[in-house]
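Participant: Take this sequence and fold it.
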Amino acid sequence: MCDIKVLDGGISTQLALHVGDRIDGDPLWTARFLATNPEAIYKTHLDFLRAGSDIIETNTYQASIEGFMKYLGVTKDESTKLIYKAVEYSKRALETYLEEIKNNPNVPNPKPLIAGSCGPYGAALHDASEYTGHYGAYVSSQVMKDWHRPRISILLDAGVDLLALETIPCKEEAKALIELLKEFPNAKAWLSFSCQNGKTLADGTDFQEIAMQCYKEAQPGQLIGIGVNCIAPQYVTSLLKGINKENSTDFVPLVVYPNSGEKYTIVEGWKKDKEYYPLHQFVHEWLNLGVRYIGGCCRTQATDIKKIRTEVQTWLKIKNSTASSS
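Facilitator: Predicted coordinates for the structure are as follows:
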């Protein structure tokens, strides 16, 4: 039987329902609320768990020691504690949810996990670099590893179950992260990329080529999956198709959590494109390609996760029915 994990959705979109405040455009993005409104973060995690998420991500995508020091005016020690707090809020939501469902054997997500969100170096530059990856050409691998290391170390020390190395827009950063992950041999992670279309990363690198290179170069068992996130749903299939070939014994678990299909620019924010496709309509297609971790990214909410959960359950019933009749 296939083990499909439903992820959460876009934390900023769901968080906005609790804070009633503008989030996009802030240099710390949702991470600012670790200091200003932690209760809203806890409620956001709980929303996704109640919607059926098997894995929720910590609110640390744009969190960094340097960022907190610069934009909150706090010390290095206080910045470190904020990242620890992010894990605590996730755990608190998990404890609440487990208490709510303890007498309900029918919930689809009885044992949720926590993934430590690790956004790209470019997100901290606050210039939409995660959508271009241009910094890979001039920022050294060592600088990127030194920047990522403290957050990864804190998240693991705080007790996350795995890491979400996400929205990586350039090949240089992906390679740096695979090297860095080897410093934490007991850590599990997925690696997901930021892509500009149905073939290449944001920096123009062929997606399948770099994704498979990273998957093979990682320590055995460390990468639980590779894939894409924060991309329009209609591009996903062409990015993933062919990684898992029919009758091949080398199965690669894939990770997908697209955005709503809207496009983001610093000037205009999020706007719907002419071609707009609800992501839940692609779920069966992606699962057939080998996707085993599936959720939503920017501009998706708990309501979208409910729809994804429903599609996953339907797909599993069909697959199990087909298997039992053959």
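Participant: So for stretch 234-254, what gets flagged as buried?
Facilitator: Neighbour-count burial for stretch 234-254 flags 234-236, 239-241, 243-244, 252-254 (criterion: 16 or more other CB atoms under 10 Å). All C-beta atoms are positioned from the backbone trio N, CA, C, and that covers glycine.
Participant: swap in stretch 62-71?
Facilitator: Of the residues in stretch 62-71, those buried (16+ other CB under 10 Å) are 62-65, 67-68, 71.
Participant: cool, and stretch 149-167?
Facilitator: Those would be 150-152, 154-156, 158, 160, 162-167, for stretch 149-167 by 16+ other CB under 10 Å.
Participant: Which ones among these map onto strands?
Facilitator: Among those, DSSP state E puts 162-167 in strands.
Participant: of all these, which comes closest to residue 310?
Facilitator: Using CB to CB, residue 164 comes nearest to residue 310 of those, at 23.3 Å.
Participant: Just list whatever residues bridge to the nearest residue to the closest one once chain neighbours are set aside.
Facilitator: The shortest distance from residue 164 to any non-neighbouring residue, by CB to CB, 6 or more residues apart in numbering, is to residue 115 (4.3 Å). When assigned by DSSP bridges, residue 115 has beta-bridge partners residue 57, residue 162.
Participant: now do residue 225
Facilitator: Beta-bridge partners of residue 225, as defined by DSSP bridges: residue 190.
Participant: got a list of what it touches?
Facilitator: 190-191, 252-255, 292-293 (CB atoms under 8 Å, 6 or more residues apart in numbering).
Participant: what packs against the longest helix along the chain?
Facilitator: Ranked by residue count and defined by DSSP state H, the top helix of the chain is helix 76-101. Taking 3 or more CB pairs under 8 Å, 6 or more residues apart in numbering; DSSP states H and E as contact, the helices and strands that helix 76-101 lies on are helix 33-36, helix 38-51, strand 55-57, helix 65-72, strand 113-118, helix 141-158.
Participant: need the ones you listed in TSV with mean pLDDT and distance to residue 300, can you?
Facilitator: Formatted as TSV, these follow (pLDDT from 0 to 100; distance: least, CB to CB, whole Å):
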stretch	mean pLDDT	distance to residue 300
helix 33-36	93	18
helix 38-51	97	10
strand 55-57	98	13
helix 65-72	93	24
strand 113-118	98	15
helix 141-158	97	23
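Participant: Identify whichever of these lies nearest to residue 309.
Facilitator: Using CB to CB, the nearest of the helices and strands packed on helix 76-101 to residue 309 is helix 38-51, at 6.8 Å.
Participant: closest to residue 17 out of the helices and strands packed on helix 76-101?
Facilitator: helix 38-51 (8.0 Å).
Participant: who's in contact with the closest one?
Facilitator: So helix 38-51 is contacted by 8-9, 11, 14-15, 17-19, 30, 33-34, 56, 59, 85-86, 89-90, 92-94, 96-97, 100, 109, 112, 302-303, 305-306, 309 (CB under 8 Å, 6+ apart).
Participant: Which among these count as buried?
Facilitator: Applying 16+ other CB under 10 Å to the contacts of helix 38-51 flags 8-9, 11, 14-15, 18-19, 30, 33-34, 56, 59, 85-86, 89-90, 92-94, 96-97, 109, 112, 302, 305-306, 309 as buried.
Participant: want to try TSV for the contacts of residue 225, with secondary structure as columns?
Facilitator: Converted to TSV, those look like this (DSSP: H, G, I helix; E, B strand; the rest coil):
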residue	secondary structure
190	strand
191	strand
252	coil
253	coil
254	strand
255	strand
292	strand
293	strand
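Participant: Specify which member of the residues you listed is nearest to residue 224.
Facilitator: Proximity of the contacts of residue 225 to residue 224 (CB to CB) peaks at residue 190, which lies at 5.5 Å.
Participant: Check the burial of that closest one by counting its neighbours.
Facilitator: 25 (other CB atoms under 10 Å).
Participant: That concludes my questions; thank you for your assistance.
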